[in-house]
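J.: Predicted model, plus sequence, below.
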Amino acid sequence: MAAPKIKLRTKLIVVLIGFASIPFVLTMLQTILKFQNIQKENAISQERRIASFVTKEITEFVSLQFSALDNFDNVDSFLPKNFELRQNFLERLLFSHDNFSEITIVDANGQETNRVNRLIVITPRDLAQYLDEEKFLAAKESSHFISQLFWEKNRLFFTIGRGLFDVHNVFQGAVLVKVDARVMQEVVNQLSIVEEGGRAYIVDRSGVVVAHPDISQVLLQKDFSSIPLVSSLIKQKNDISPVAIYRNELNQEVVGAGAPIQISFYGHASPEIIDANWFVIAEIPTFIALAAIREITLFVFLVLAAILFFAVIAAFILARQIVQPIEGLHLVSSEFGKGNLDYKIPIHTDDEIEDLAFAFYNMSANLKKSFATITRSNEIIAVEKQKMTYMLNSLYDGLIAYDLEGTIIAFNHRAEELLWVSKNDIVGKKAKDLEVKRNNLFENIQLIENVNLEDFEKRELAVATPQERVFEIILVPLVGEGKERVGAMRVIHDLTREKEIEHLKSNFVATASHQLRTPLSGIKWMLEMFIAGDFGRLNKSQSSRLQMGRKTINRLIGIINDLLDASRIEEGKIVYELKSFDVTTLIKEIMQETEIDVQLGKRKLILDIPKQLPLTIKSDYKKMKMVLRNIIDNAIKYTGDDGQIRIAVIEGKKSLLISVTDDGIGIPKRDQKYIFTKFFRASNAVRFQTEGSGLGLFIAQKITTMLNGKIIVESEEGRGSTFTVQLPLALQ
């Protein structure tokens, strides 16, 4: 009869390590704690000095911005009365201060009288009312005002304001300045470089970080209000700088000190102190601040290690008898994992470990038969998968592939770059199941999937985080070998650069046109005075040449006005005033204005309208006049001598059609898709008439679209054109 096997649990041995080390540990622990308190106090003092330094730097910067406003007290006495001259004066002031982005002057009644901006041209119609604005009321009541930090075009700003008072302390108005807040980031970056291992950052009164050595924290507008020191600063009502040891957003234990930013002003009256509601936090990891403690602790551990060494040797000898067969079995399993199914180690322990080893060896015999086939198949799959990965990652555009259930099955490298997320967090999941709370960038993945598209359709999508971008989304179906649909791909093309260039071009055109219009108007005025004889009689030759000059100036002014109109339309600054009017009256008014141009070429201008009058629509009279005038001018310009232009009006149930038909040069088929593009002129139009800006039809189409209408074009080269404007009879 075989002897019973000895169970594994009977071989377990409990090894007790002696208590000789306990008294030594307690004594050293008390010494370490006392020394640690001293180190903590030193670290706290250092962080307080750093917080104070950053506070001083920011305070001096804000005070310097206010000092630029000290000369505004008698604003009416030194600023020109003329709006354009005041604007020019303020622009010089704006560009003389690198940190100023916008300057606004508001009178005592809260009406904005002037405003200049680094990027936008301001006209009188852009001026606003500030009577109920917080910044105006604050400047009026306390003389000085500092706003909360705010984001604009992916940059951080704050507004400062100063009340304007005359010598009798009577409120005259206020000056408001939008200030670039990048200096805060520069201060914390500089300090974080100087202070090895430590850092400083700034939060606003809601706890959102506004300056941080890690700029991504600022761009993501991280909320640090849950950090104990930040929470304490927000809640306290005094100017005492709190200190604490806590865990920061990186889950590091740090020693930190904080301080509020307050701005003091000293004038004729009592000093004025303004709380900017920004807080500076300086912190250093405890593992740096308490480095000396670690060294002492390490020494103690070395001593303890020596004490425990001999006890461990005894325990090791006994444990080896138990662990050795387990290690052998672990080695066998590791070799199996590497594919070495023939590897065996004799194990004779007469317990469960020996049974487990026998089961392993039987399993290896079965696996060995199919392992070669599986390996070969995996190699083929891996090669094909690698080829596909290289192809996807080589694409210039981002790509997200989905199966029929909406699960993301592919996410290429370019998509990772554009969306700032890792494919490891995306692939294998559905977009709707991504946890936006864990990473708010997942919201962009959901936005892309929610764009409603047909196969091969394109649509633009703007995203705000982590930075402003404009994408073009294209839906491409995935089909299998049997032409059945197996999924879909969404291709992401980055249009951000193109959009930025388009915006810069528009701003440049608007600025250049605005600057050119004033001197051209002056030249025109002088020519008019010469032609009128204000400077003496002119002979026939002189008068003729001045008339030619006036015509040229008028043409230039017209082109500049077109440029400004196009710029305002693109920026959405055109205001539409809707009212009811008779379309027939509008058309007849345009016909009278163009009568001279029609007669010069012996052309005929025919009006074909229904007998029932009036034809009333609700729209913007001036804007519709601009639309029809541009279309009719083009018809006259590109129709030869003795040609004919017909204007017809047709009233439907829901819309009104105004068609302008000519028998002029027509538009080539290849050019028709570009005629509403800015600055475009058809090839035959350039040969027929060298003058023209290429903006008339662009402006007409944009205005008509904003008025819920559309323009339809029918044309054939050499046989004339028909432009039909379709307008709703009742515009809501």
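T.: Yes, it's here.
J.: So what's the model's average confidence on the helix or strand hosting Ile400?
T.: Here Ile400, judged by DSSP states H and E, is contained in strand 398-403. In this model, strand 398-403 carries a mean pLDDT of 89.
J.: and that strand, how far from the chain's centre?
T.: Between the centre of strand 398-403 and the centre of its chain there are 24 Å (CA atoms, centre = their mean, to the nearest Å).
J.: what about the stretch 201-350 of the chain, any weak spots by pLDDT?
T.: Residues of the stretch 201-350 of the chain that meet the criterion pLDDT under 70 lie in 237-241, 266-270, 292-294, 296-297, 300, 304, 307-330, 332-333, 335-345, 347-350.
J.: Helices of that one, start to end?
T.: Per DSSP state H, counting those that start in this stretch, the stretch 201-350 of the chain carries helices over the ranges 215-219, 228-235, 286-289, 291-337.
J.: Can you give the contact residues for the second one?
T.: Meaning helix 228-235. 203, 205-207, 224-225, 242-244, 246, 256-258, 260, 279, 281, 283 (CB atoms under 8 Å, 6 or more residues apart in numbering). Where you see a C-beta, it was placed from the backbone N, CA and C, and this is true even at glycine.
J.: Just the buried ones from those?
T.: 203, 205, 207, 224-225, 242-244, 246, 256-258, 260, 279, 281, 283 (16 or more other CB atoms under 10 Å).
J.: Out of those, which comes closest to Leu478?
T.: Taking CB to CB as the measure, Leu478 lies nearest Phe224 of the buried ones among the contacts of helix 228-235, at 44.0 Å.
J.: any idea how far the closest one lies from Ile711?
T.: To Ile711, Phe224 is 54 Å away according to CB to CB, to the nearest Å.
J.: For stretch 472-485, what is the distance to the chain centroid?
T.: On the basis of CA atoms, centre = their mean, stretch 472-485 sits 32 Å off its chain's mean C-alpha point.
J.: buried ones in that stretch?
T.: Using 16+ other CB under 10 Å as the test for burial, stretch 472-485 gives 473-475, 478.
J.: Could you find the lowest-pLDDT member of those residues?
T.: Checking pLDDT across these, the minimum falls on Leu478 at 86.
J.: Next one: it from Val451, what distance?
T.: Separation of Leu478 from Val451 (CB to CB) stands at 17 Å.
J.: How about Leu90?
T.: Taken as CB to CB, the span from Leu90 to Val451 is 43 Å.
J.: Name the SS class of the closest residue to Leu93 other than its chain neighbours, please.
T.: Using CB to CB, 6 or more residues apart in numbering and skipping the chain neighbours, the partner closest in space to Leu93 is Ile103 (6.4 Å). For Ile103, the assignment made with DSSP: H, G, I helix; E, B strand; the rest coil gives strand.
J.: For Glu112, see how far away Ile103 is.
T.: The gap separating Ile103 from Glu112 is 11 Å, by CB to CB.
J.: Just list the residues touching the closest residue to Glu468 other than its chain neighbours, thanks.
T.: Distance criterion CB to CB, 6+ apart; nearest residue to Glu468, sequence neighbours excluded, is Asn154 at 5.4 Å. By CB under 8 Å, 6+ apart, the residues touching Asn154 are 219, 467-468.
J.: Out of these, who's the most crowded?
T.: Per-residue neighbour counts (other CB atoms under 10 Å) across these peak at Leu219, which has 16 neighbours.
J.: nearest residue to it other than its sequence neighbours?
T.: Leu219 sits nearest to Pro466 (CB to CB, 6+ apart), 5.5 Å away.
J.: ok, how many other residues are close to the residue lying closest to Lys430 once chain neighbours are set aside?
T.: Setting aside the residues directly before and after it, Lys430 is nearest to Gly406 in space (CB to CB, 6+ apart), at 5.0 Å. Other residues near Gly406 come to 14 when the count uses other CB under 10 Å.
J.: what does Leu131 give?
T.: Applying other CB under 10 Å, we find 12 residues neighbouring Leu131.
J.: same check, this time on the one 5 residues further on
T.: The criterion is other CB under 10 Å. On that basis, Phe136 has 22 neighbouring residues.
J.: So which elements touch the helix or strand hosting it?
T.: If you go by DSSP H and E, Phe136 is part of helix 134-142. Helix 134-142 sits against strand 144-146, strand 155-165, strand 171-180, with contacts defined as 3 or more CB pairs under 8 Å, 6 or more residues apart in numbering; DSSP states H and E.
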